[in-house]
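S.K.: Build me a structure from this.
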Amino acid sequence: MGTQVFHDGESDRGHRAAWWAGRIAIYGALSLWAFICLFPIFWTVTTSFKMAPDVMKGNILPWWDFRPAWLGWRSLGLSPDTIGTVSTPRDEFMKRFMNSVVISVSASTLAVVLGSLAAYGLSRFSYRFGPMKNPDISFFFLSQLILPPVVLALPFLVLYKSLALLDSRVGLILLYTLTVLPIVIWIMRDQFAGIPTELEEAAMVDGLSIWGAFLTIVLPIALPGMVAAFILSLVLTWNEYFFAALLTSTHANTLPVMVASQTGSQGISWWSMAALSTAAIAPLVVVGVLLERYIIKGMAAGAVK
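M.R.: Numbers count the residues shown, from 1 in each chain. Now for the predicted structure:
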C-alpha cells in the first residue's frame, strides 16, 4: 500500500513537471514571437527621438544608450516647441495625413459594401457564367491578387490620364477598392455561409423581402466579419505605396509616399522618417484597440466554421 502511494505521488509530480514545462515552452515561444513582432515598432518609435549620432551608432535603449530629443518631430513641426507656431512641414504632413484618411476609409467602406453584397449572392444563390460556377467565380476574384501591381502600372497610367483621374483622391479610392475587394469577398462569403438559411426563410415567411431579411437578420450577425474585413482593408490601403507614388504627384499624395521621400543630398533623415512612420502607425493602433472585440469575433466565427 505504501509503495502504491509512493508511485502515485511520483506520477503526480511528473505530470505537474510536464505541465509546467509545456506552459513555459508555450509562453516562451509566444514571448519570443511578440518580441520579434514588436521590436521594429519599438525601434521606429525610439529612432524618432534620436539625434543623428545616436542613429549612426545604433543606440537602442532611451535614457540608457542615448538621451531622447525632439529632432525628428521638430522636422515635422510636431515637437512641443513648434506645435504652436506656423509650420510648413506640419501643414504638408496634415495634408498627406488627411489624404490617407479619406482615401483609405472611403475605399475600405466601399469595398466592404460591394464585397458583402457579392459574397452574400455567392453564398445564397447559384450562378453560372459560361463554364464557371460559384466556386470558380469566387476563385476568379481571389486570383486577381496574383497579378503583380507593376503589370498594371502602364494600363492604369493610360486609363487615368484619359479619364483625368491622375493625382486625385477619387482615382486612388476606385483603385484601392478594386485591390481589396477580392479579400473582402472571400472573408464575407465564409461569414454568410456560416449563417443558417432558415433564419432568412423564417423572416420571409413573416413578410420580409430578401433585402429586408438581409438587412435586419443576416447583416447584424455578420457584422463582426464585416468589421474585420474593413480593418484588414484599411491596413492594406493605408500602407499602399506603389500606386500612390505612381498615380499622384502633388494633391493626392499619401503618408507612405511622404515617408519614402525623406531623403536628400546628405542621405536619409532617419529621425524624420521614423517620426513620420510613428505618426502613420498610431491611427491604425487606435482603430485596432477600439475595434478589437469585433476582430476577435470575426476570427472566432471563422475558426468555428
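S.K.: Distance-wise, check Pro131 relative to Leu147.
M.R.: 22 Å (Cβ to Cβ, to the nearest Å). No exception for glycine: its C-beta is placed from N, CA and C like everyone else's.
S.K.: Which one of those two is surrounded by more residues?
M.R.: Comparing Pro131 with Leu147 by other Cβ atoms under 10 Å, the one with more neighbours is Leu147, at 9 against 6.
S.K.: which phi and psi does that one have?
M.R.: The phi/psi pair for Leu147 (degrees, to the nearest 10) reads phi -70, psi 120.
S.K.: ok, so what distance separates it from Asp54?
M.R.: 43 Å.
S.K.: Isn't Ser100 up against Thr254?
M.R.: Yes - contact criterion Cβ atoms under 8 Å: Ser100 and Thr254 qualify, at 4.5 Å.
S.K.: Can you name every helix or strand that the helix or strand hosting Ala213 contacts?
M.R.: Element membership for Ala213 (DSSP states H and E) is helix 210-213. In terms of contacts (3 or more Cβ pairs under 8 Å, 6 or more residues apart in numbering; DSSP states H and E), helix 210-213 is packed against helix 197-205.
S.K.: helices or strands up against the helix it packs on?
M.R.: Against helix 197-205 (3+ Cβ pairs under 8 Å, 6+ apart) you get helix 210-213.
S.K.: what's the angle from the next helix or strand after the helix it packs on to helix 197-205?
M.R.: Per DSSP H and E, the first helix or strand lying C-terminal to helix 210-213 is helix 219-239. With axes from the mean of the first three to the mean of the last three Cα atoms, to 10 degrees defining the directions, helix 219-239 sits at 120 degrees from helix 197-205.
S.K.: Next, the buried residues of helix 219-239.
M.R.: 222, 224-239 (16 or more other Cβ atoms under 10 Å).
S.K.: And stretch 95-115, by the same measure?
M.R.: 96-97, 99-100, 103-108, 110-112, 115.
S.K.: Among those residues, which pair sits farthest apart?
M.R.: Arg96 and Gly115 (27.2 Å; Cβ to Cβ).
S.K.: For stretch 241-256, buried residues please.
M.R.: Buried, per 16+ other Cβ under 10 Å, within stretch 241-256: 243-244, 246-248, 252-256.
S.K.: Next: stretch 77-87.
M.R.: 77-79, 82, 87.
S.K.: out of those, which one sits closest to Tyr176?
M.R.: Nearest to Tyr176 out of those is Leu78 (Cβ to Cβ; 26.7 Å).
S.K.: which residues in this structure form strands?
M.R.: 128-129, 132-133, 263-264, 267-268 (DSSP state E).
S.K.: returning to that earlier point: can you redo the buried residues of stretch 241-256 as JSON lines with distance to Gly28 and pLDDT?
M.R.: Below are the buried residues of stretch 241-256 laid out as JSON lines (distance: Cβ to Cβ, whole Å; pLDDT from 0 to 100):
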{"residue": "Phe243", "distance to Gly28": "41", "pLDDT": "91"}
{"residue": "Ala244", "distance to Gly28": "40", "pLDDT": "90"}
{"residue": "Leu246", "distance to Gly28": "44", "pLDDT": "89"}
{"residue": "Leu247", "distance to Gly28": "46", "pLDDT": "89"}
{"residue": "Thr248", "distance to Gly28": "46", "pLDDT": "88"}
{"residue": "Ala252", "distance to Gly28": "47", "pLDDT": "86"}
{"residue": "Asn253", "distance to Gly28": "44", "pLDDT": "88"}
{"residue": "Thr254", "distance to Gly28": "39", "pLDDT": "89"}
{"residue": "Leu255", "distance to Gly28": "36", "pLDDT": "88"}
{"residue": "Pro256", "distance to Gly28": "35", "pLDDT": "89"}
